[in-house]
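A.B. asks: sequence isn't available, so here's the structure alone:
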């Protein structure tokens, strides 16, 4: 299986940098496709997803569990 990237966005959950770019990419470019958030361990991937959910209609109000310790994210 070969993966092809469409767009790379550098974003920040602390400054909300590029949240609008992420929203636009999901709405325009990613219809029906998988979306991957990639980064090093404890780099803030889950925090970025939670920040996105807080800013753009998270109707369930559920967020990803995060911790300052590595390996804690469960997604429950």
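C.D. replies: Now that the structure is in, tell me what you want to look at. The model shown is predicted, which means the values in this text are computed figures rather than measured ones.
A.B. asks: report how many residues lie close to residue 48.
C.D. replies: Close neighbours of residue 48, defined as other Cβ atoms under 10 Å, add up to 22. Just so you know, the C-beta spots here come from the backbone N, C-alpha and C atoms, and that holds for glycine as well.
A.B. asks: how far does the helix or strand hosting it sit from the chain's center?
C.D. replies: Assigned by DSSP states H and E, residue 48 falls within helix 45-55. Put simply, helix 45-55 sits 6 Å off its chain's centre (Cα atoms, centre = their mean, to the nearest Å).
A.B. asks: list the buried ones in it?
C.D. replies: 45-53 (16 or more other Cβ atoms under 10 Å).
A.B. asks: okay, the residues you listed in CSV with distance to residue 11 and pLDDT next?
C.D. replies: As requested, the buried residues of helix 45-55 are arranged in CSV below (distance: Cβ to Cβ, whole Å; pLDDT from 0 to 100):
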residue, distance to residue 11, pLDDT
45, 10, 90
46, 13, 90
47, 11, 91
48, 6, 92
49, 10, 90
50, 13, 90
51, 9, 91
52, 9, 90
53, 14, 88
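A.B. asks: for this structure, give me the ranges with low pLDDT.
C.D. replies: Within the chain, the stretches with pLDDT under 70 are 29-30, 72-76.
A.B. asks: how about the helices in it?
C.D. replies: Secondary structure of the chain (DSSP state H): helices at 19-28, 45-55.
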